[in-house]
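**Student:** I'd like to go over a predicted model; first the sequence, then the structure.
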Amino acid sequence: MPIQFKGSVFTTLVLYIKSNKLELIYHALKKKIKESKDFFKNAPIIINLSLCPKNINWNKIYKIILKKKFIIIGISDCFDLKLKKKIIKSGFPIFLKNKSLIQKKINVVKKFYKSIFYKNTIRSGQTIYAKKSDLIITNNVNVGAEIISDGNIHVYGKLQGRALAGANGDGTRKIFSKYLSSELLSIAGEYCLIDSIPKKILNKSAQIYLKNGIIQIKKI
């Protein structure tokens, strides 16, 4: 695949450009959008260029992405100085990461997590973030709601909205749901959409975890 979508510590999608072939990128985006039109329509994204080959035609690539109705909010991990200048001229901010600081933060947070409880329904448009904590919700998480935790997530009602565990990059965290029908599940930046939930598990009790960097969904 010439491209790859990932979640990240940003609460948005990150698009990794892995090819400089414009036609491949165009068709890969078209195929990905078909998987979930409503999810990707006007979706805000950050473009990551860490895996991008040299000599890319930046102007044409970002026009292709905009044509597919994505909203570009910034660029990350651009290490080519000439390319940085082109990006800045085209009006997009460049995000920088300090990987050593991120890893130190992960090592500290892994040692201990407290728990934050929510008894009310998390409604569409609401975002709940449990910093350095597990998140426990004893009610429903509606479609259009977003729950984020640096630790584990437990939902004892119906999970329909987005759930992002290990938001600080900790891949050992898990999501537990009594009734699973989430529009998006993410652990440490890796994510899957509702179409990836096996039908035999949909609306059943399940746990979600990472194995070899891939989201796993297992019936409880």
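**Tutor:** Nice, thanks for sending it over. Residues are numbered from 1 along each chain as shown.

**Student:** surely residue 30 meets residue 68?
**Tutor:** Yes - the criterion here is CB atoms under 8 Å, and residue 30 meets it with residue 68 at 7.2 Å. To be clear about C-beta, it is placed using only N, CA and C from the backbone, and glycine gets the same treatment.

**Student:** when these two are compared, which one has more neighbours?
**Tutor:** residue 68 (16 against 11; other CB atoms under 10 Å).

**Student:** which residues outside the longest helix along the chain are in contact with it?
**Tutor:** Counting by DSSP state H, the longest helix found in the chain is helix 22-35. Helix 22-35 has contacts (CB atoms under 8 Å, 6 or more residues apart in numbering) with 1-3, 5, 17, 19, 40-41, 57, 60-61, 64-65, 68, 193, 195.

**Student:** give me the neighbour count for the closest residue to residue 214 other than its chain neighbours.
**Tutor:** Counting by CB to CB, 6 or more residues apart in numbering, residue 214 lies nearest to residue 190, which is 7.0 Å off, once chain neighbours are set aside. Residue 190: 16 surrounding residues under other CB under 10 Å.

**Student:** and residue 190, how far from residue 77?
**Tutor:** Per CB to CB, to the nearest Å, residue 190 is found 17 Å from residue 77.

**Student:** beyond the lowest-mean-pLDDT helix or strand in the chain, next helix or strand please.
**Tutor:** Of all helical and strand segments in the chain, the minimum by mean pLDDT, DSSP states H and E falls on helix 99-109, at a mean of 42. Downstream of helix 99-109, the next assigned helix or strand under DSSP states H and E is strand 114-118.

**Student:** contacts for that following strand, please.
**Tutor:** By CB under 8 Å, 6+ apart, the residues outside strand 114-118 that reach it are 128, 130, 132-139, 151.
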